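In: coords please:
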Amino acid sequence: MELVHEPPCKKLRCELGGDDPGAEAEAEAKNGMEGLPREIVLDILSRLPITSLVRFRLVCRSWRALGRDPLLPDAQLARTAARDPFLVFHSDFPLRNQLSFVELSAQDQDCGHSRSKKSSVGKFNPPFLNSMPEFDVVGSCNGLLCLADSLYRETLFVYNPFTGDCRELPPSRQYADQTVVFGFGFHPATREYKVIKIAYYPNPSRAGAGSRRARRVPHVQSEVQVLTLGRSPAWRSLGRAPYQIDKRPSETVVNGRLHWVTGPRRYRTARQLVSFDLADEQFREVLRPEGGPIGRSNYQLMALRGCLSAIVYCNYGRLEIWVMKTYNVKESWTREYVIGSYMPRALKQNVNFMPFKMWKSMNARVSRVVCGLDNGEILLEYKSGALAAYDPKKGKFRDILLQGMPKWFHSFVHVGSLSWIDSHSDT
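Out: A predicted model of the protein is given here:
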């Protein structure tokens with residue numbers, strides 16, 4: 001199944017009266033949608049799944065106009081956020097990157113075994129694949145994806161995979177031998193999308209230093225750049241970065257803030273938890289619990305049911321999920337889940353070969369938490385090749401089998417919506 005954004009074929013337009021103005025007007029008068037009040041139309045359309053909304057806008061001109069109501073994206077997004085999320089699979093095997101998707105419906109979640117009817121995985125057709133065949137996913141926010149060129153780290157796109165809207169972002173300042181950390185998010189108060197770029201690069205003034213110490217411990221410079229989508233035509237510099245952030249994109253937006261984990265330092269093994277406020281554009285340290293494994297161990301940040309959470313990877317494939325139930329209150333950190341080791345059956349059949357990029361992004365982890373499901377289960381990804389759901393009440397796992405799922409992938413949660421960069425401007 002592929003998602004189509006083009007208008008209907010000529011035969012279908014003829015059946016709808018597209019080639020006859022009189023027949024088209026008659027068809028529009030009979031369908032009844034145009035005669036309803038705007039509030040009712042918005043209420044009806046906002047209840048449709050995003051895939052149905054995309055098809056709805058392709059039926060005829062009048063329905064396309066209804067589907068482009070400027071109030072519809074916010075109304076649809078408010079209802080969609082409470083539904084089951086889409087999963088997007090990013091895969092770079094065998095030739096070039098691909099994006100596919102699936103919706104985990106309530107029926108799929110409530111089934112008690114792995115032999116249930118399989119959901120079908122659909123495919124997106126990004127319009128930028130010819131110019132950027134290899135890319136990394138910077139983040140997903142309100143139905144928009146931010147994607148970066150994984151080869152040269154110079155090109156950035158913002159893309160709504162369901163509507164097909166796509167925009168290449170203006171180039172940012174580049175440095176020789178730079179290491180880049182990206183972030184992408186939306187602040188509900190300012191109603192602005194922002195892309196954050198943190199560049200670390202060697203100091204050119206010390207590149208030719210003759211001392212052994214200068215060659216052994218290079219002096220690293222940094223710069224923080226911000227691009228406000230839809231409002232600013234160019235990147236703005238915020239100066240040096242106050243933290244040495246680990247090289248990974250920020251997938252966690254909570255309370256209008258992006259979150260990262262700092263990298264290990266020579267004389268300081270503790271990993272700090274830092275945030276970037278998308279409103280005032282300031283870095284701040286987020287309080288961690290006293291004691292516990294957060295800070296000592298390698299951990300992943302994520303938003304679990306609206307709360308900032310830390311996934312701590314322990315020995316022998318075991319992991320712990322710590323949840324900050326009240327934001328930035330140190331005492332609210334709670335060890336919510338402890339998940340033991342597990343090996344899905346699908347993974348046992350595909351252990352012969354895995355692309356190097358997948359192994360590199362894994363950092364030797366066996367499992368990775370993807371999201372929390374509405375039925376209380378935790379969705380897990382294993383070795384970039386299989387999905388399983390863990391029931392904390394029963395302490396049991398079940399395999400997630402999807403028809404057409406890529407062999408190797410990186411999965412993440414994505415809210416399907418009609419949103420675009422300009423659709424959240426103040427009205």
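In: use CA for all of it now, contacts and neighbours both
Out: OK.
In: The stretch 251-400 of the chain: helices as residue ranges?
Out: If you assign secondary structure with DSSP state H, counting those that start in this stretch, the helices in the stretch 251-400 of the chain sit at 345-348, 356-362.
In: ok, of these, where does mean pLDDT dip lowest?
Out: For the helices of the stretch 251-400 of the chain, the stretch scoring lowest in mean pLDDT is helix 356-362; its value is a mean of 47.
In: Flag the shaky bits of the stretch 1-150 of the chain, pLDDT-wise.
Out: Low-confidence segments of the stretch 1-150 of the chain (pLDDT under 70): 1-31, 81-84, 93-95, 105-118.
In: try 50 this time
Out: Residues of the stretch 1-150 of the chain meeting the criterion pLDDT under 50: 9-18, 22, 25-26, 29, 106-107, 110-116.
In: Nearest to the spatial middle of the protein, which residue is it?
Out: For the chain, Ser140 is the residue whose C-alpha lies nearest the centre (C-alpha atoms, centre = their mean; 2.9 Å).
In: Could you count how many residues lie near Ser341?
Out: The local packing of Ser341 (other C-alpha atoms under 10 Å) involves 12 other residues.
In: ok, it - contacts?
Out: Tyr316, Gly317, Arg318 (C-alpha atoms under 8 Å, 6 or more residues apart in numbering).
In: How much space separates the residue nearest to Met324 when sequence neighbours are not counted from Pro289?
Out: Distance criterion C-alpha to C-alpha, 6 or more residues apart in numbering; nearest residue to Met324, sequence neighbours excluded, is Trp333 at 4.3 Å. The gap separating Trp333 from Pro289 is 6 Å, by C-alpha to C-alpha, to the nearest Å.
In: ditto for Ile50
Out: Distance check for Ile50 against Pro289: by C-alpha to C-alpha, it reads 40 Å.
In: between the two, who's got more neighbours?
Out: Here Ile50 and Pro289 are compared on neighbour count by other C-alpha under 10 Å; more neighbours surround Ile50, at 20 against 16.
In: picking that back up, what's the closest of the contacts of Ser341 to Gly122?
Out: Comparing these against Gly122 with C-alpha to C-alpha places Gly317 closest, at 30.9 Å.
In: what's the neighbour count on that closest one?
Out: For Gly317, the tally of surrounding residues (other C-alpha under 10 Å) stands at 14.
In: sorry, back to before: ok, the residue nearest to Met324 - contacts?
Out: If a contact means C-alpha under 8 Å, 6+ apart, then Trp333 has Arg288, Pro289, Trp322, Val323, Met324, Lys325, Thr326 as its contacts.
In: Drop anything exposed from the residues you listed.
Out: Buried members of the contacts of Trp333, counted by 16 or more other C-alpha atoms under 10 Å: Arg288, Pro289, Trp322, Val323, Met324, Lys325.
In: all strands for the stretch 151-300 of the chain, in order.
Out: 156-159, 166-168, 179-187, 192-202, 220-228, 236-237, 253-254, 257-261, 273-277, 283-285, 299-304 (DSSP state E, counting those that start in this stretch).
In: Can you flag the weakest of those strands by average pLDDT?
Out: Here the lowest mean pLDDT among the strands of the stretch 151-300 of the chain goes to strand 299-304, at a mean of 87.
In: got the angle between that strand and strand 257-261?
Out: Per axes from the mean of the first three to the mean of the last three C-alpha atoms, to 10 degrees, the angle that strand 299-304 makes with strand 257-261 is 160 degrees.
In: Using PDB, write out the CA atom coordinates for strand 299-304.
Out: Only the C-alpha atoms of strand 299-304 are listed here, as PDB (Å, rounded to 0.1, in the frame of the first residue of the first chain):
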ATOM      1  CA  TYR A 299      20.200   6.000  29.100                       C
ATOM      2  CA  GLN A 300      17.700   7.100  26.500                       C
ATOM      3  CA  LEU A 301      15.200  10.000  26.900                       C
ATOM      4  CA  MET A 302      11.700   9.800  25.700                       C
ATOM      5  CA  ALA A 303       8.200  11.200  26.400                       C
ATOM      6  CA  LEU A 304       6.100   8.400  27.900                       C
END
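In: by contact count, what packs against that strand?
Out: Strand 299-304 sits against strand 257-261, strand 307-313, strand 367-372, with contacts defined as 3 or more C-alpha pairs under 8 Å, 6 or more residues apart in numbering; DSSP states H and E.
In: Packing partners of the longest one?
Out: Strand 307-313 is packed against strand 299-304, strand 319-324, with contacts defined by 3+ C-alpha pairs under 8 Å, 6+ apart.
In: could I get these as JSON lines with distance to Ile44?
Out: JSON lines is the format used below for those (distance: least, C-alpha to C-alpha, whole Å):
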{"stretch": "strand 299-304", "distance to Ile44": "29"}
{"stretch": "strand 319-324", "distance to Ile44": "36"}
